[in-house]
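A.B. asks: Mind looking at a prediction? Sequence and model below.
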Amino acid sequence: MSGHPFLVELARLFPPDRLLTAAAQLAPYESDALTAFHSRPRAVVLPETADEVIAAVRLCHQHQVPFVARGSGTSLSGGSLPVKDGLVIGLNRLNRILRLDPQERIAVVEPGVINLNVSKAAAPYGLYYAPDPSSQPICTIGGNVAFNSGGAHCLKYGMTSNHVLGLKAVLPDGEVVPLGGESQESVGPDWHGLFVGSEGLFGVALEITLRLLPKPERYRTVLAAYHSMEAAGEAVAAVVASGLLPGAMEIMDRLAIQAAEAAVHANYPPGAAALLIVELDGEAQAVEEEFKRLMTVIDGTGAYEVRVPTTEAERQTIWKGRKSAFSAVGRISPDYIVQDGVVPRSKLGRALAEIDALSARHGIRVANVFHAGDGNLHPLILYDGREPGALERAEALASEIMALCIRLGGSITGEHGVGMEKRQYMPQLFAEADMDAMWALRCAVDTLQIANRGKMFPGGDAPALTQRGPHPLEKAGVISRE
Amino acid sequence: MTIKTLGHLQDAVRAHSRLLPRGAGTKPALSTPPPGVTALDLTGLSGLVEYDPGEFTFTALAGTPVADVQALLAEHGQYLPFDPMLAERGATLGGTVASGLSGPGRYRYGGVRDFILGVRWVDGAGQVIHGGGKVVKNAAGFDFPKLMVGSLGRLGVLVEVTFKVFPRPQAYATLRREYPRLEQALEAVYTLYRSQLDLEALDLRPDARSAGLYVRLGGLAEALPARLDRLAALLGGGDILEGGDEAALWRDVRELAWAPQDAALVKVPLTPRRIAALDAALEAGGSRRRYSGGGQVVWIAWPGPVEALHQVLAAQGLSGLMVFGDPGERGPLLGAPRSDHAFARRVRAALDAAGRWGPG
């Protein structure tokens, strides 16, 4: 293999310590946070400059070798899973914030910059980067751009694409294009809007211009406990009908609460069938008046206990339980699959009832944590990978949940992307003509289909599906799945 | 030709080699077909398809007047926060998306691109394609809805759109402050950028003698007096406008009512840093203008030949879109070219192999 002309030329571009070809070096790159899939690349390169990325892409094009750009490998949809015998372009070393302009409230960053580091750099100026996927201490902006990542604040603040003003990208044949700019306004089609969320199929973002926002001056949070999921769902509807626009509205069910308690002792009200967290953010005086209204609404929703944190530490404790819920599920089950589906908000109650019924029918426990404000469900399907066939049974249940989301008029992904995991559901969500149009676009931009081949579109060789347990960082509590 | 049904539209697309879709024609520079191009009147494809206030979304046919939707949303205390332009003149949803125009309210939560969720359109082969979805959060498939924003009918004919909506602020108030010089007004813009105040709109209207700054607040009525005091303290004074006068002020911005009838009206995206240099040239050209969205866009009413404005913009590396006036042979895009890159060419080739929609 080392005599292959492609590898020989790669070795001219990258020094040995940044060109990985040995089996032991490649192993960490065989999978991402969707650990059930793995696939061995031919090589991994670790460029340090945009020019090196461009050179690697051009070489792939010349030799018709598929490539996958990868940040921290936190994709939950298998988005950064390598193509077998392809090239992985690891972007973590392109981690410079090229320009931070607090006056114009923009940051120009390289793709390997970690999401949270943008906010950290902006913090001295009272600014932050709004999209907050729960892997934000480790996930990169390049990955966020490729998969249009979300977070807990999407209803009010939008997703990654709403915060990208422009980018420079290398297309799959090595051509470099500028898309968008620095203004929030534009003239002509929204090319950068199309690039964001294209799952690496249009090439690699080399420089991304982000919009920064002033940090909210005040947060007011309420935690309400209910004896039934229906009551919590109705509370969300009541908040929505009240004319308030919370920054976040989150619900956890009984099983998720148990897990959170086991993991971080959030001291949630005992005996709750559902917990609702609602948080308002913004200008102090506005938020205080809105909070009065919110409390009036919550008082009428039949919550058996309502807590209002009076200190920042108390507020953080409430959020810690919520944010840890996913990895905490590891305390009550050896393995689990995180699903990401969307239903119209008014059908949340029905969706949860049907998931309950599916759970009972399959004899598989499902914990539910969701962004109630935008109908984004995250059912956690619990199983024991040591039991033969358990993973397959869990996958079968996951697949029925996806079908449910589609049937109720929602989507197969709110924020994790299609990637490898959900490509087979695309033809259920989109008509043949829609799929054809997307495929035509894919082929026009990437005639050889070498950029992240095998993602988003069904078909092609599926890599092995195996039982591998959670991501090591997830086990360590560094990242969590939202 | 006037389109009555979707099937009719598909037939029309297949039967003509060069086409320009148009709605109510409120932006003549964008909706007047050049010689040899057939205009498709889509105002017949009108009507609401789906609206459940609890979802914060609606779906409507592209020829639906924006004002009709706004009236319905208002009954449920909701609105389109990007403040659609020219709604009172009859602008349609499809035309709003295709032109990519957002009003002064875009300052708070973003523009058309930030509120469009789904789209159906007819491509160059006469096929109906759907992209995006009908829920507020969705990451499945390529983001065709965003691509259509600003596409000027050159990537297909929009037939249906889905938007996210928000609860409408209960009350509004505006602080107006006049500054002797533009630089001082710009300094105030930066002061507000640095603050943690939640502003609905932030506009700047300079002329030869002074520069007016307009800062709009919205929200619960109980909180407004204290918020206005704080804003006025931050800016060192100003006049407070409320009620009908306040509403009329922003209506004039949205409807471009301030622009003289005989001037060309051009939209130019920019950032606050570019304002001082551009404004000197605009003043010299005798234009009226209004910086909107916190200095992210300027609306220019240019009195003379548009070629001169084109030169000004090109020299400063800015691009413009003509909305009113005769674009002539140059077409509505002025200044520095925007879309002449490989990505744009390949996307156009994929979506319009027959080249029915005209040049980018």
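C.D. replies: Good, I have the coordinates. Numbering: from 1, shown residues only, chains lettered A, B, ... in the order given.

A.B. asks: all helices in the stretch 51-200 of chain B, in order from the N-terminus.
C.D. replies: Counting by DSSP state H, counting those that start in this stretch, one finds helices in the stretch 51-200 of chain B at the ranges B:66-75, B:93-99, B:106-109, B:112-115, B:144-148, B:182-194.

A.B. asks: so which of these gets nearest chain A?
C.D. replies: The closest of the helices of the stretch 51-200 of chain B to chain A is helix B:144-148. By Cβ to the nearest Cβ, the value is 3.0 Å. C-beta: built from backbone N, CA, C; applies to glycine.

A.B. asks: Deepest-packed of the helices of the stretch 51-200 of chain B, please.
C.D. replies: Highest mean neighbour count of these: helix B:93-99, a mean of 30 (counted as mean count of other Cβ atoms under 10 Å in any protein chain shown).

A.B. asks: counting contacts, what elements does that helix pack onto?
C.D. replies: For helix B:93-99, the contact count by 3 or more Cβ pairs under 8 Å, 6 or more residues apart in numbering or on different chains; DSSP states H and E identifies strand B:19-22, helix B:28-31, helix B:66-75, strand B:157-164 as packing neighbours.

A.B. asks: and it, what's its mean pLDDT?
C.D. replies: For helix B:93-99, the mean pLDDT works out to 98.

A.B. asks: do stretch A:151-170 as well
C.D. replies: On average, stretch A:151-170 scores 94.

A.B. asks: That stretch and chain B in contact?
C.D. replies: Yes: Stretch A:151-170 lies within reach of chain B by Cβ under 8 Å from any Cβ of the partner chain, at A:154, A:155, A:156, A:158, A:159, A:161, A:162, A:169.

A.B. asks: Report the secondary structure element holding the residue of the stretch 101-250 of chain A found nearest chain B.
C.D. replies: The minimum distance from the stretch 101-250 of chain A to chain B, using Cβ to the nearest Cβ, falls at residue A:193 (3.0 Å). Per DSSP states H and E: residue A:193 is located in helix A:191-195.

A.B. asks: which parts of that helix are buried?
C.D. replies: A:191, A:192, A:193, A:194, A:195 (16 or more other Cβ atoms under 10 Å in any protein chain shown).

A.B. asks: what packs against that helix?
C.D. replies: strand A:164-170, strand A:176-180, helix B:144-148, helix B:342-351.

A.B. asks: Would you mind giving the domain segments of the chain?
C.D. replies: Unless you meant another one, I'm taking chain A. Domain assignment for chain A by automatic domain parsing gives A:5-92, A:97-214, A:218-407.

A.B. asks: should've been chain B
C.D. replies: Split by automatic domain parsing, chain B gives B:6-167, B:171-252, B:264-335.

A.B. asks: Quick check: which of these is buried the most?
C.D. replies: domain B:6-167 (a mean of 22).

A.B. asks: and it, how far apart are its ends?
C.D. replies: One end of domain B:6-167 to the other measures 32 Å (Cα to Cα, to the nearest Å).

A.B. asks: just stretch A:297-304 next, same as before
C.D. replies: OK, stretch A:297-304 end separation, Cα to Cα: 14 Å.

A.B. asks: how about that stretch: buried residues?
C.D. replies: Of the residues in stretch A:297-304, those buried (16+ other Cβ under 10 Å) are A:297, A:298, A:301, A:303.

A.B. asks: near chain B at all, it?
C.D. replies: No: legend: contact between stretch A:297-304 and chain B by Cβ under 8 Å from any Cβ is lacking; minimum distance shown is 12.6 Å.

A.B. asks: What average pLDDT does that stretch get?
C.D. replies: Mean predicted lDDT for stretch A:297-304 stands at 96.

A.B. asks: same check, this time on stretch A:82-92
C.D. replies: 95.

A.B. asks: Make TSV out of the buried residues of stretch A:297-304 and add secondary structure and distance to residue B:182.
C.D. replies: Output for the buried residues of stretch A:297-304, formatted as TSV (DSSP: H, G, I helix; E, B strand; the rest coil; distance: Cβ to Cβ, whole Å):
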residue	secondary structure	distance to residue B:182
A:297	helix	45
A:298	helix	48
A:301	coil	51
A:303	coil	53
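
A.B. asks: now, which of the residues you listed sits nearest chain B?
C.D. replies: Scanning those for proximity to chain B, where the rule is Cβ to the nearest Cβ, the winner is residue A:297, at 12.6 Å.

A.B. asks: quick one, what contacts that closest one?
C.D. replies: Residue A:297 makes contacts with A:235, A:238, A:239, A:242, A:244, as judged by Cβ atoms under 8 Å, 6 or more residues apart in numbering or on different chains.

A.B. asks: Which ones, among those, also lie beside chain B?
C.D. replies: Among the contacts of residue A:297, chain B is touched by residue A:244 when using Cβ under 8 Å from any Cβ.

A.B. asks: and the contacts of residue A:297 as JSON lines, adding pLDDT?
C.D. replies: Listed next are the contacts of residue A:297 as JSON lines, based on pLDDT from 0 to 100:
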{"residue": "A:235", "pLDDT": "94"}
{"residue": "A:238", "pLDDT": "94"}
{"residue": "A:239", "pLDDT": "95"}
{"residue": "A:242", "pLDDT": "94"}
{"residue": "A:244", "pLDDT": "96"}
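
A.B. asks: out of the contacts of residue A:297, which are buried?
C.D. replies: A:235, A:239, A:242, A:244.
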